[in-house]
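K.L.:
Predicted model, plus sequence, below.
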Amino acid sequence: MSIMFMLMVVVFVLGYSAIALEHSLKVDKAATALIIGTLCWVLYILGGEEILNLGLSPAWEAFLAAHHDAHGLHSIQDFIVHYEIIHHLGEIGEILFFLVGAMTIVEVVDQHQGFKIITDKITTTNKVKLLWVLSFLTFFMSALLDNLTTTIVLVALLRKLIDDKQTRWFFASMVVLAANAGGAWSPIGDVTTIMLWIGGQVTAAKIITSVLIPSTVCLVVPLTIVSFTMKGDVTRPPMIDGEQDYTTHKDRVTMLVVGIAGLLFVPVFKTLTHLPPYMGMLLSLGIIWVVSDIMHRNKSKEVRSRLNVVGILKKIDTATVLFFLGILSAVAALQSAGHLRLLAEFLDKHLGNIYLIDLAIGVLSSIVDNVPLVAGAMGMYPIEAAGATGYAEAFVQGGTFWEFLAYTAGTGGSILIIGSAAGVAAMGLEKIDFIWYMKRITLLALLGYLAGAATYYVMFAL
């Protein structure tokens, strides 16, 4: 085994540990993520010849098949720099631009006090009631939008509803659970379900009917447990003097409607054009920007400076975007070098049962991003022809393996806060501590994950 190949794992594990211990080390996780994201690629290219000769990189095999004259160190460097980095940067860029677009739209609505219309309707301050209301709002919103966008919207709502930081952290963490559970049963609710849907592994109708009930159980179990232990009321944040003067009721309604419509337009845009979702998000942002500028063009300079999108863009949490860039770059390097393929082959060899393999992928998705794990599974297992029997029957379109994979990869990421895009977004926006999440949420998420998995098993395996 190549030394550089092993060192890539060591760097990733050490960096991951530093991210987990961010609160104790007092080093921002974005800085650590950028370091490991770069170092993994440095080690990869320095040991490129040894690593690729291990025969674990499907991308390298495809490159050799397309370039018959490729040989030597120059070709390896050309493959890593001009093919793999560019390819993965494209995929990462899609997520980052989507994130920036969604964060900006939500911030525009928030600055116009659009969410105040919703928070004014939520009158209960009872913690348990509020948690159930927000969790199911998240659950169904994430199926319509996606779990990342929904989490960003709900975190903005929570800031208007809950003043205490620890209580808000807990609610934001439960929002992550609800968003991932809601995204798992919808073909557009999560990046992994979109991948499986576009790849032909699942159909839209089948994934909804098969995964909805397990996903609901995955959410209801943690909520029920918390309902017995949580007591008291939440304290609303105090109103800031003069806050109402910047926008009228009409402004707030207009911007809320345009903002939500813009977010809902994204999956429609993708379905109609087959272009990546980030393009729909950027189109929505552009339209909202124009509406905002027209709305405030005759107002005072003070109002325009506070509410125009140029000023709002400066408030976007850039550290969260850079954290995404770093952590996804590190995982991309592990995927390109073949670490994730080795992991998939290990699971296949030592587990050999479709339910156990999917369960393991779900748990692993709480540590490593679920997108490359699902991509690895899609690459390892071809779609079997309709009418296949025996073990192969689970791999036909809409087969048990693919549907259960949608559930496990979608909800397993909730076990650790870093395990899903929704979790990473909540962690960045609310500065939730990794260890705090492990102590208070991980067991709840794991129990919900296993309960939903058991429900699916009872529904289809037995």
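P.N.:
Looks like it arrived, so ask away. Numbers count the residues shown, from 1 in each chain.
K.L.:
For stretch 250-268, list every residue counted as buried.
P.N.:
251-252, 254-256, 258-260, 262-263, 265-267 (16 or more other CB atoms under 10 Å). For glycine as for every other residue, the C-beta is placed from the backbone atoms N, C-alpha and C.
K.L.:
what is the mean pLDDT for it?
P.N.:
The average pLDDT for stretch 250-268 rounds to 87.
K.L.:
Show residues contacting that stretch.
P.N.:
Residues from elsewhere that reach stretch 250-268, judged by CB atoms under 8 Å, 6 or more residues apart in numbering: 102, 105-106, 108-109, 112-118, 144-146, 149, 153, 188, 247, 277, 280-281, 283-285, 287-288, 291-292, 295.
K.L.:
Next SSE downstream of the lowest-mean-pLDDT helix or strand in the chain?
P.N.:
One helix or strand of the chain scores below all others by mean pLDDT, DSSP states H and E: helix 370-380, with a mean of 70. Using DSSP states H and E, the helix or strand that directly follows helix 370-380 along the chain is helix 400-411.
K.L.:
Show me what that following helix is packed up against.
P.N.:
Applying 3 or more CB pairs under 8 Å, 6 or more residues apart in numbering; DSSP states H and E, we find helix 400-411 packed against helix 165-184, helix 191-198, helix 204-229, helix 354-364, helix 370-380, helix 442-456.
K.L.:
Could you tell me which ranges of the stretch 51-200 of the chain sit under the pLDDT cut-off?
P.N.:
198-199 (pLDDT under 70).
K.L.:
quick one: the helices in it?
P.N.:
Here the stretch 51-200 of the chain has its helices, by DSSP state H, counting those that start in this stretch, at 58-66, 72-78, 85-111, 115-121, 127-144, 147-161, 165-184, 191-198.
K.L.:
now the ones you listed as JSON lines including mean neighbour count and distance to residue 412?
P.N.:
What follows is the helices of the stretch 51-200 of the chain, written out as JSON lines (neighbours: other CB atoms under 10 Å; distance: least, CB to CB, whole Å):
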{"stretch": "helix 58-66", "mean neighbour count": "15", "distance to residue 412": "23"}
{"stretch": "helix 72-78", "mean neighbour count": "13", "distance to residue 412": "34"}
{"stretch": "helix 85-111", "mean neighbour count": "20", "distance to residue 412": "19"}
{"stretch": "helix 115-121", "mean neighbour count": "15", "distance to residue 412": "30"}
{"stretch": "helix 127-144", "mean neighbour count": "20", "distance to residue 412": "16"}
{"stretch": "helix 147-161", "mean neighbour count": "25", "distance to residue 412": "13"}
{"stretch": "helix 165-184", "mean neighbour count": "26", "distance to residue 412": "8"}
{"stretch": "helix 191-198", "mean neighbour count": "22", "distance to residue 412": "10"}
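K.L.:
Dump these to JSON lines, plus distance to residue 304.
P.N.:
Converted to JSON lines, these look like this (distance: least, CB to CB, whole Å):
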{"stretch": "helix 58-66", "distance to residue 304": "49"}
{"stretch": "helix 72-78", "distance to residue 304": "50"}
{"stretch": "helix 85-111", "distance to residue 304": "12"}
{"stretch": "helix 115-121", "distance to residue 304": "20"}
{"stretch": "helix 127-144", "distance to residue 304": "31"}
{"stretch": "helix 147-161", "distance to residue 304": "22"}
{"stretch": "helix 165-184", "distance to residue 304": "31"}
{"stretch": "helix 191-198", "distance to residue 304": "37"}
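K.L.:
any idea how far residue 189 is from residue 215?
P.N.:
9 Å (CB to CB, to the nearest Å).
K.L.:
Please apply the same query to residue 69.
P.N.:
50 Å.
K.L.:
Which one's more surrounded, the two?
P.N.:
Using other CB atoms under 10 Å as the criterion, residue 69 and residue 215 rank with residue 215 on top: 30 against 6.
K.L.:
What are the neighbouring residues in contact with the more buried one?
P.N.:
139, 181-182, 184-185, 407, 410-411, 452.
K.L.:
which of those residues lies closest to residue 56?
P.N.:
Using CB to CB, residue 410 comes nearest to residue 56 of these, at 26.6 Å.
K.L.:
Go ahead and confirm residue 226 touches residue 174.
P.N.:
Yes - Residue 226 lies in contact with residue 174 (CB atoms under 8 Å); the separation is 7.3 Å.
K.L.:
Could you find the closest non-adjacent residue to residue 219?
P.N.:
Excluding the flanking residues, the one nearest residue 219 by CB to CB, 6 or more residues apart in numbering is residue 181, at 4.3 Å.
K.L.:
can I assume that neighbour is in contact with residue 221?
P.N.:
No - the pair residue 181 and residue 221 does not pass the contact test of CB under 8 Å, sitting 10.1 Å apart.
K.L.:
I'd say residue 446 and residue 416 touch.
P.N.:
No - using CB under 8 Å, residue 446 is not in contact with residue 416; the gap is 9.9 Å.
K.L.:
When those two are compared, which one has more neighbours?
P.N.:
residue 416 (22 against 17).
K.L.:
show me what contacts the residue lying closest to that one once chain neighbours are set aside?
P.N.:
Distances taken as CB to CB, 6+ apart put residue 366 closest to residue 416, at 4.2 Å, once the chain neighbours are dropped. Counting by CB under 8 Å, 6+ apart, residue 366 touches 412-416, 418-420.
K.L.:
still on that earlier bit, shared neighbours of residue 189 and residue 215, anything?
P.N.:
Common contact partners of residue 189 and residue 215 (CB under 8 Å, 6+ apart): 182, 410.
K.L.:
what do residue 226 and residue 174 both touch?
P.N.:
Common neighbours of residue 226 and residue 174 (CB under 8 Å, 6+ apart) are residue 131.
K.L.:
Burial check on residue 83, number of neighbours?
P.N.:
For residue 83, the neighbour count with other CB under 10 Å is 17.
K.L.:
Residue 63 is in contact with that one, correct?
P.N.:
Yes - the pair residue 83 / residue 63 is scored as a contact, 6.2 Å apart, by CB under 8 Å.
K.L.:
contacts for stretch 93-100?
P.N.:
148, 152, 191, 276-278, 281-282, 316, 320-321, 324-325, 328, 421, 425.
K.L.:
which among these end up buried?
P.N.:
Looks like those have 148, 152, 191, 276-278, 281-282, 320-321, 324-325, 328, 421, 425 buried, using 16+ other CB under 10 Å.
K.L.:
shouldn't residue 163 be in contact with residue 233?
P.N.:
No - the criterion here is CB under 8 Å, and residue 163 misses it with residue 233 at 11.3 Å.
K.L.:
Can you pull out the low-pLDDT segments for the stretch 351-462 of the chain?
P.N.:
For the stretch 351-462 of the chain, applying pLDDT under 70 flags the ranges 369, 371-372, 375-376, 379-380, 382, 387-392, 462.
K.L.:
how close does residue 252 get to residue 113?
P.N.:
Distance from residue 252 to residue 113, counting by CB to CB: 5 Å.
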